[in-house]
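> Take this sequence and fold it.
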Amino acid sequence: MAGGRFAPGHLGELTQCIPFEMVDEALKATGRVQERLRDLPSRVVVYLLLAGCLFPEVGYLGVWRKLTGALAGLPLAAPSASALAQARRRIGATPLKWLFDLLKGPVAGPRTPGAWWRGLLVIALDGTTLTVPDTPAVLTRFTKQAGNHGGTGYPQVRLLTLVACGTRTLIDAVFGPTTSGETTHAPRLLPSLRPGMILLADRNFAAQGLINDIAATGAEVLVRLKNGRRMPILARYRDGSYLSALGPVPVRVVDCEITITTTAGKHTGLYRLATTLLDHHRHPAGELAMLYHQRWEIETAYLELKSTILGGRVLRARTPRASTRRSTPCWWSTSCCGPPWRTPPAPSPAPTRTGPASPSPGRPPATSSSWPRASSPTPPST
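Numbers count the residues shown, from 1 in each chain. Here you go, the predicted model:
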């Protein structure tokens, strides 16, 4: 255990979120503990990398000054930019990946608002792209996007994540080149699914094979379908939903209207949802339509990453491996940490509701004036 200027409490708030014992174990498990005590011990370099995500607007020398700003009066190292670069290369990305695998999770307690729906942990799946440096090493794996207006000026990497809707924390994440689509990378996230979850996904993920693989994990699914997709009607229910199938997976289909009210007026669109929750008494169509609105939490999480944290900047790392292994642990470090998810107490049955969806605390409205409203289809008269 280091003392003096590198004592745990001297590395700022990050040691409250990620204790030094975790960092030391990550270094030990990945074989990155320094052989001799340096001015930049391995532990300090890990915190430097994490702090770099909190201050993307400055270079690593600026991050170092912020990390050690409260250590006035103590003998400090004065590393150069090249020394910091050498230290980062010495550590590599493996300890950060180890930390991410240890700490990823929904951070949802049994009564966390918005985290659970009828005893199921609500999670969302979606993808986005991140801009990476235009270097020869990066271009060996990641490409620039083509477009009608000249395409992107920088290479991009595709990111797919599972996000806990109630806390916007990462359950898992994978990276890949943009030359492969989201459904190509999505199966790599399936080992993180388990019974007791309900996965919300957009219509891009409604492929039969992918839905079958998700259902095989024991997790439930609520996915949007394209409105023109023809679904066989096998049975009708009084809440307006009907039994159908996506390949070998039996699903319940809910056709609903979503009305968005803004200062410019109202806009109503049709949504077709499919779910593996087949009991229309326990999981009414109206509640499923409102639950699907929670999928927008992953969009807000991406907004936080790309606009709030990165501010539209290019990722720091200049090699393909560092780009994909450092950015996710650093994103995670900016969100709250907590214990693994636990099964909540069994909820009492909630009545079927229609009308405005209830926002989770702290979530910005979907429009400038009101929340989208979801109404279940009118049940058949028979």
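> how about I258, secondary structure?
strand (DSSP: H, G, I helix; E, B strand; the rest coil).
> so what's it bridging to?
G269, A374 (DSSP bridges).
> Give me the pLDDT value at it.
Looking at I258, its pLDDT reads 84.
> Pick out the residue nearest the middle of this structure.
By C-alpha atoms, centre = their mean, the chain has its centre lying nearest to V163, at 3.6 Å.
> roughly how far apart are that one and L222?
Distance from V163 to L222, counting by C-beta to C-beta, to the nearest Å: 15 Å. C-beta here means a position set from N, CA and C on the backbone, and glycine is covered the same way.
> L303 should be in a strand, yeah?
No - under three-state DSSP, L303 sits outside any strand and is assigned helix.
> Could you report the neighbour count for it?
For L303, the neighbour count with other C-beta atoms under 10 Å is 14.
> can you pull the pLDDT of it?
Confidence at L303, expressed as pLDDT, is 92.
> on that earlier part again, mind giving me the packing neighbours of the helix or strand containing the residue nearest to the centre of the chain?
Per DSSP states H and E, V163 falls inside strand 156-164. Packing contacts for strand 156-164, counted by 3 or more C-beta pairs under 8 Å, 6 or more residues apart in numbering; DSSP states H and E, involve strand 120-131, strand 170-177, helix 182-185, helix 296-303, helix 320-333.
> And the next helix or strand past the third one?
Read that as helix 182-185. With DSSP H and E, the next secondary element past helix 182-185 is strand 197-201.
> mean confidence score for that next one?
Throughout strand 197-201, pLDDT has a mean value of 98.
> now the angle from it to strand 156-164?
140 degrees (axes from the mean of the first three to the mean of the last three C-alpha atoms, to 10 degrees).
> what comes up buried for the following helix or strand past strand 197-201?
Once the chain leaves strand 197-201, the next helix or strand it forms, by DSSP H and E, is helix 208-216. Buried residues in helix 208-216, counted by 16 or more other C-beta atoms under 10 Å: 210-211, 214-215.
> what's the answer for stretch 26-35, then?
In terms of neighbour count (16+ other C-beta under 10 Å), stretch 26-35 has its buried residues at 26-27, 30, 32, 34.
> before we move on, what about stretch 227-242?
231, 237, 239-242.
> Of these, which belong to strands?
Members of the buried residues of stretch 227-242 lying in strands (criterion: DSSP state E): Y242.
> Quick check: the two most widely separated of the buried residues of stretch 227-242?
Greatest spacing in the buried residues of stretch 227-242, by C-beta to C-beta: M231 and D239 (16.5 Å).
> returning to that earlier point: what angle separates the strand holding V163 from strand 120-131?
Going by the same axes, to 10 degrees, strand 156-164 makes 160 degrees with strand 120-131.
> distance between strand 156-164 and the chain's centre?
With C-alpha atoms, centre = their mean, to the nearest Å as the basis, strand 156-164 stands 6 Å off its chain's centre.
> Each with direction, which strands does it pair with?
Per DSSP bridges, strand 156-164 is paired in its sheet with strand 120-131 (antiparallel), strand 170-177 (antiparallel).
> and which of the buried residues of stretch 227-242 is nearest to L189?
The closest of the buried residues of stretch 227-242 to L189 turns out to be M231 (C-beta to C-beta; 25.5 Å).
> How many residues are close by the residue lying closest to the closest one once chain neighbours are set aside?
What sits nearest to M231 in space, not counting adjacent residues and going by C-beta to C-beta, 6 or more residues apart in numbering, is S244, at 4.4 Å. Counted with other C-beta under 10 Å, the neighbours of S244 add up to 18.
> Tell me if I am right that S244 is in a strand.
Yes - applying three-state DSSP, one finds S244 inside a strand.
> how close does it sit to H281?
From S244 to H281 the distance is 18 Å (C-beta to C-beta).
> coming back round to it: looking at the buried residues of stretch 227-242, which is nearest V132?
Looking across those and measuring by C-beta to C-beta, the closest to V132 is M231, at 39.9 Å.
> so what's that closest one up against?
225, 244-245, 253, 272, 274 (C-beta atoms under 8 Å, 6 or more residues apart in numbering).
> How about G312?
Neighbour list for G312: K306 [criterion: C-beta under 8 Å, 6+ apart].
> Against L199, how distant is it?
29 Å.
> repeat for F100
20 Å.
> Also A81?
44 Å.
> got a list of contacts for the helix or strand encompassing K28?
Here K28 sits within helix 20-29, counting by DSSP H and E. Residues outside helix 20-29 that contact it (C-beta under 8 Å, 6+ apart): 1, 8, 11, 32-33, 42-43, 46-47, 91, 95-96, 98-99, 102-103.
> Can you name the helix or strand that the residue lying closest to R38 once chain neighbours are set aside falls in?
Nearest residue to R38 in three dimensions, chain neighbours excluded: A87, at 8.0 Å (C-beta to C-beta, 6+ apart). Assigned by DSSP H and E, A87 belongs to helix 81-91.
> which helices and strands sit right next to the helix or strand following that helix?
Counting by DSSP H and E, the element after helix 81-91 in chain order, helix or strand, is helix 94-103. Here helix 94-103 touches helix 20-29, helix 42-54, helix 320-333, going by 3+ C-beta pairs under 8 Å, 6+ apart.
> got the CA positions of the helix holding K28 in PDB?
Output of helix 20-29 as PDB, limited to C-alpha atoms (Å, rounded to 0.1, in the frame of the first residue of the first chain):
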ATOM      1  CA  PHE A  20      -7.600   1.600  -4.400                       C
ATOM      2  CA  GLU A  21      -8.000  -2.100  -3.400                       C
ATOM      3  CA  MET A  22     -10.000  -2.700  -6.600                       C
ATOM      4  CA  VAL A  23      -7.300  -1.000  -8.700                       C
ATOM      5  CA  ASP A  24      -4.500  -2.900  -7.000                       C
ATOM      6  CA  GLU A  25      -6.400  -6.200  -7.600                       C
ATOM      7  CA  ALA A  26      -6.900  -5.300 -11.300                       C
ATOM      8  CA  LEU A  27      -3.200  -4.600 -11.700                       C
ATOM      9  CA  LYS A  28      -2.300  -7.800  -9.900                       C
ATOM     10  CA  ALA A  29      -4.800  -9.900 -11.900                       C
END
